Each structure stands twice: as C-alpha cells, then as structure tokens.
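Peer 1: Build the 3D model from these lines:
(2 chains)
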Amino acid sequence: MSTETYFLSIGALSAALARGELSSVELVQAVIARTEAVETKVRAFNSYDREDAMAQARASDTRRAAGRALGPLDGIPIGMKDVIAVAGQPLTASSRMLEHFVSPYDATVVKRLRNAGAICWGRLNLDEFAMGSSTENSAFQATANPYALDCVPGGSSGGSAAAVAAGEAIASLGSDTGGSIRQPAAFCNLVGLKPTYGLVSRYGLIAFASSLDQIGPFGRSVDDVAHLLGVIAGHDPLDSTSYQVEIPDYRAEIARRQGPWRLGIPREYFGEGLDPEVAQAVQKAVAFYQSLGCEIKDVSLPHTEYGVGAYYIIATAECSSNLARFDGVRYGHRSKDAKDAVDLYFKSRAEGFGAEVKRRIILGTYVLSSGYYDAYYLRAQKVRTLIRNDFLAAYRDVDAILTPTAPTPAFRRGTKADPLAMYLCDIYTIGVNLAGLPAVSVPCGFSQDGRPIGMQLIGQPYQEAELLSIASAYERAHGWGQRRPVV
Amino acid sequence: MSQPIDLDIDHVANLARIALTPGEKAQYAAQLGEILGHIAKLKEVNVDGVEPTAHAFPLYNVWSKDEAAPGLTAEAALRNAPAQRDQMFSVPKVVE
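Peer 2: Below is the predicted model:
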C-alpha cells in the first residue's frame, strides 16, 4: 500500500482489505501514526484510545480471516464527535461539565457502525455542547484548519472535519443543528451531509436543540459519505422522532441516477455579505450543471432573512430546557462550595458551563419566560412554518436547491469575538434545519490563498439518494476533494 | 433596531439556575440586547393565521411496547455520580 493509506477512500480501503493487501491492524496503525504526527498542529481530538482501536482492528482481522467480514466498513476507523456516546469512552461535549463523564452505553449510530464492523476511533473536539461555528468555544482547545492552520475548521463539528481532512480518521460522524456538519465540511474541503430530520436516530446524541439536531457523516468523497449514511440511517424505536422510511442502497442509486436535474438558485443566498471568491466558485458550479443539461431556475425563499432570528429563539429555547438536566446531582460537574441543594444547582452550572452555553441558556430561558413566550417563541415557530413553506413551494419547480454553504471561506482564529457576528455565519445553513431538509456541502474550489470553498445542495425530504447523486455528478468532473491539506 | 429594555438579567439567571458574576451579568445583558435587537426583525413578518411548527415532520402517538427490557445496572447508572451512597445518588441536605 502507499505510504498515505490514511488518505485512501473507503472503497479503496475496503477492496484492499478484501484482497488481503491490507489488514485492519495495519490501517489503524497508519491512522494512529498519522494522528500522532500531526495532532500537535491540528488538535482535532479531545482524546483517543489506541489500545481500544487496536483491539477492534484485531477483532476485524480475525472476523475476516474466518470469512465473516461484515461489509465494506469492516476494519475502517471512523471518528466520533464528542457528543455521540461510545460505551466505556469519555463523552465530554467539550465542556467542563462533562470532563470526567464516561458513556454507559452506545448511541444507536455507534451500535450500527459496530454491527457493520467499523472501528470507533477517537473523541473529536467541538464547540461546547455543539454551540458555535468555529470550535473555539471548546472548553479544552481550539482546533486548527488543516488547510490553513491559522484559521478555524468551522463548527461546531470542527474536530470531526479537521481529523478527516488531516488523515487522522478515514471518515467521521458529526451533528448538525444549524450547519454544524456542512459549514466545517466547506471549510475543510470535505463532503458533509445533514440528513433529513428523523432519518438517523438521535439516541445517544447529547441533545442541544431536539427539533433541529441530526447526526450525519463527513467524508473525503460523496461515495464515502454514502457508505456511512447507508449504515447509520433507519428507524430506531429508541428515538421517538425517528421516521419509518425505506433505506435505499445509496451507492447503487448514485450509480444509477444520471440526471439531468432541475436546480433552483435562491436569489436571497447571493446577496450582501457573500465573499466574491465564494460567489464565483458557486456560480461556476451552476454553469457546470447547466453544461450537463440541468435546468437552472431562479427561485425565491423570501423568509431567508428571518432564519437566524427564528433559529436563535428556537434553538436557545430548546437548549435551555435540554441543559436543565445538568444540575450537579446525578452526573457531571458538582460544585464543592454549595451551601445547600439549591445552591448546588446554581454553582455547579456556573462552574461547569462556558460563556457561550450560559449565554444561550439565558437567552432561551428569557424567550420562554412568562410574558415573552408569545412574542418570541410562538412567533419564531410560526416564522419557521413560513421558512419551511418557502422551500416546499420551491420544490414544486426544482429537484434541489444550490447555494453557497457559508458566506466566506474559513476565517482566522480569534477574529469573531462578537456572538451575533458568529451567529450570522450560519445564515445559509440554518433554514435547512428549521425546515427539516437534507443538505450536503460539497467542495467546489479554493480561495486565492488556499482556503477551501464549499457549495450546499439542499434536497427534498428523505431524498438523500437524489441529493447525493446530484453531488456526485459534480464531484466526478472536478477533483477538489483530492487536494491535500498543508499538514 | 429597538433594544429591549426589559431583560431583567437577575430574574432570568435565577430562572435558569445559573449563578452569574456581576461582570457576566453586564456582559450578557449587553450582548443579549444586541441579539434581541436582531431577533426583533421577526416582528416585521405577518404571521396571521400561520400555524406554528414544533417539528418539521411531526409524529404522533409513538409508543414503545409495554415490555420489560434490560437496562443499566445500578452500578453502571451510578458510574458518573458525583457522590453516591448505598446505591443511591447523594446530595446535600435539602431540609434541615
């Protein structure tokens, strides 16, 4: 095998494993060695467990030797955002609150990956409790962008993106509440998919905003993402919002569906604040689809400008409720200075949560408080309906919608101190979560100074096969994902 | 954009059960004022007759079977407890 085993695709690795040219032990050793070589620069991991990964790799090789390999993911190391429970491993949410927490069980997505033979590898850094767009809100460390070390990897799933981009994992899982998979994928030259709400079980995912959260895959290609999605998607009785829907063979569907498609370009996503290099890269992608024979249509999503406002009411309201469980009683940080049981709540939460988490809990508590509920929360839920209706109306004329993923390429670390400025980074990704739609970020170019640019394809509910087919048609004709990082 | 003048940070922090320092209170009140200023944009939208959306794809009456299933052992459930005694979570005294 080449010396850069850790940059190979899942397809190439699984073929090499099947032919006996590579063992899972060799692959995991290569990934660990790569991690140890670059991690001081990237800092994607909150922790990793070499011995545990090697034990999983040996078990995979034993299965394969006995002719009982479990499928294409068997023996391949997949990184896990540190909000997804892996039994016996730390689960910190990059928060002091959970610094010493150990998962008592596996999340459903982890169970499904294990059943497919995948190696659960590492605990990947994030903005604390997935609240942020730069991974700078982690209580432990800031992760660097492997393509531009002085820049952020995006967030909140910045560790999941940086690890895959840097060759420290073959693929990974993240979670996306307002863009937390797609924006870091765009910043780190990866394919990142937020599935339709309800397609992937949230059981074992630390809840941030339950009506918006969804787990999804990061990969270096559409095919790698399709491999993971096929394993993690599907109904789960342990998540009452999980949908009963047939899961197709995504890879076979991608091979079969050749278009042409009708693509909508929403004018509201190409206005003020969009970086000219990003605009140009996305326009080139539009021209490419046109050259494929796709019909390009102008569409309007008139409530786009209200998305950030509605999102920060709904998401913070849900977070204030979800994070009420962290009270220092049953798990998590407990203050040593509490005078009594009630004081324990106040001090444990004050000491355990970081600044952004507190800010969002306060905002969410305020918008739900007596006298303000109708003006804020109820109104935001109605605006959410209008945003969703905008998308559904557009889908009468088009199969998918094409936009930039983020208004700019990765920004420099430490440059967005103002919370509102950070919130406005999510302007193109938030509507998708409010509407519950699937969307994928696909690499579509680089800025002059070498920072990756991503475009977002937004699909119709539960039409991931179509969405990934459209993404794949672009990817096959371009090689952006092949460009390696500077580390 | 109008700044809300009625965000009583002490009241809200009390509801949220978070002890804030005076510095945090001043900082959060200012930052939340700015964020609420942006959110005030939503008042422009005509929502007359619009139903609220709580979930994009609501499901109703999702029941699990009424069957006993293995769960965590007491030991596993207490693995992350800050303090425990006799297979129970231990907390400071609530009533004197």
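Peer 1: Next up, phi/psi of residue A:455, please.
Peer 2: With angles defined as degrees, to the nearest 10, residue A:455 sits at phi -110, psi 150.
Peer 1: tell me, how many neighbours does it end up with?
Peer 2: As a burial measure, residue A:455 scores 25 neighbours (other Cβ atoms under 10 Å in any protein chain shown). (Each C-beta comes from the backbone N, C-alpha and C, glycine too.)
Peer 1: Quick check: it touching residue A:439?
Peer 2: No: with contact defined as Cβ atoms under 8 Å, residue A:455 does not reach residue A:439; the gap is 10.5 Å.
Peer 1: just for chain B, where's the confidence low?
Peer 2: B:1-5 (pLDDT under 70).
Peer 1: Residue in chain B with the shortest distance to chain A?
Peer 2: residue B:56 (2.3 Å; Cβ to the nearest Cβ).
Peer 1: Pull out the buried residues from stretch A:362-381.
Peer 2: By 16 or more other Cβ atoms under 10 Å in any protein chain shown, the buried positions in stretch A:362-381 come out as A:362-369, A:372, A:375-377, A:379-381.
Peer 1: Next one: residue A:1, what pLDDT does it get?
Peer 2: Per-residue confidence (pLDDT) for residue A:1: 46.
Peer 1: and the end-to-end length of stretch A:195-214?
Peer 2: 7 Å (Cα to Cα, to the nearest Å).
Peer 1: what's the longest helix in the chain?
Peer 2: Since no chain was named, I'll use chain A. helix A:24-42 (DSSP state H).
Peer 1: actually it's chain B I care about, not the one you picked
Peer 2: helix B:22-39.
Peer 1: Do that one and chain A come into contact?
Peer 2: Yes: applying Cβ under 8 Å from any Cβ of the partner chain, one finds helix B:22-39 touching chain A at B:24, B:28, B:31-32, B:34-36, B:38-39.
Peer 1: would you list those in CSV and tack on neighbour count?
Peer 2: Supplementary listing: the residues of helix B:22-39 next to chain A in CSV, determined by neighbours: other Cβ atoms under 10 Å in any protein chain shown:
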residue, neighbour count
B:24, 18
B:28, 23
B:31, 17
B:32, 23
B:34, 15
B:35, 23
B:36, 23
B:38, 15
B:39, 27
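Peer 1: On the three-state scheme, the residue of chain B closest to chain A is what?
Peer 2: Three-state assignment for residue B:56 (DSSP: H, G, I helix; E, B strand; the rest coil): coil.
Peer 1: measure the residue nearest to it when sequence neighbours are not counted to residue A:134 for me?
Peer 2: Among residues not flanking residue B:56 along the chain, residue A:436 sits closest, at 2.3 Å (Cβ to Cβ, 6 or more residues apart in numbering or on different chains). The gap separating residue A:436 from residue A:134 is 25 Å, by Cβ to Cβ, to the nearest Å.
Peer 1: Mind checking which of those two has more residues around it?
Peer 2: Counted by other Cβ under 10 Å, residue A:436 and residue A:134 do not tie: residue A:134 has more neighbours, with 29 against 25.
Peer 1: helix, strand or coil for the more buried one?
Peer 2: coil.
Peer 1: Helices along chain B, start to end?
Peer 2: Using DSSP H, helices in chain B cover B:9-15, B:22-39, B:74-77.
Peer 1: Repeat that for the stretch 101-250 of chain A.
Peer 2: Using DSSP state H, counting those that start in this stretch, the helices of the stretch 101-250 of chain A run over residues A:108-115, A:158-165, A:182-187, A:222-232, A:250-256.
Peer 1: Can I get those in JSON lines including mean pLDDT?
Peer 2: JSON lines is the format used below for the helices of the stretch 101-250 of chain A (pLDDT from 0 to 100):
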{"stretch": "helix A:108-115", "mean pLDDT": "98"}
{"stretch": "helix A:158-165", "mean pLDDT": "98"}
{"stretch": "helix A:182-187", "mean pLDDT": "98"}
{"stretch": "helix A:222-232", "mean pLDDT": "98"}
{"stretch": "helix A:250-256", "mean pLDDT": "98"}
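Peer 1: coming back round to it: show me what the longest helix of chain A is packed against.
Peer 2: If contacts are counted by 3 or more Cβ pairs under 8 Å, 6 or more residues apart in numbering or on different chains; DSSP states H and E, helix A:24-42 sits against helix A:10-19, helix A:50-65, strand A:77-81, strand A:119-124, helix A:158-165.
Peer 1: Identify whichever of those lies nearest to chain B.
Peer 2: Comparing those by Cβ to the nearest Cβ, strand A:119-124 comes nearest, at 15.5 Å.
Peer 1: who in the stretch 151-300 of chain A is up against chain B?
Peer 2: A:196-198, A:211, A:237, A:240-241, A:243.
Peer 1: quick one: least confident helix or strand in chain A?
Peer 2: When each helix and strand of chain A is scored by mean pLDDT, DSSP states H and E, helix A:419-423 comes last, with a mean of 86.
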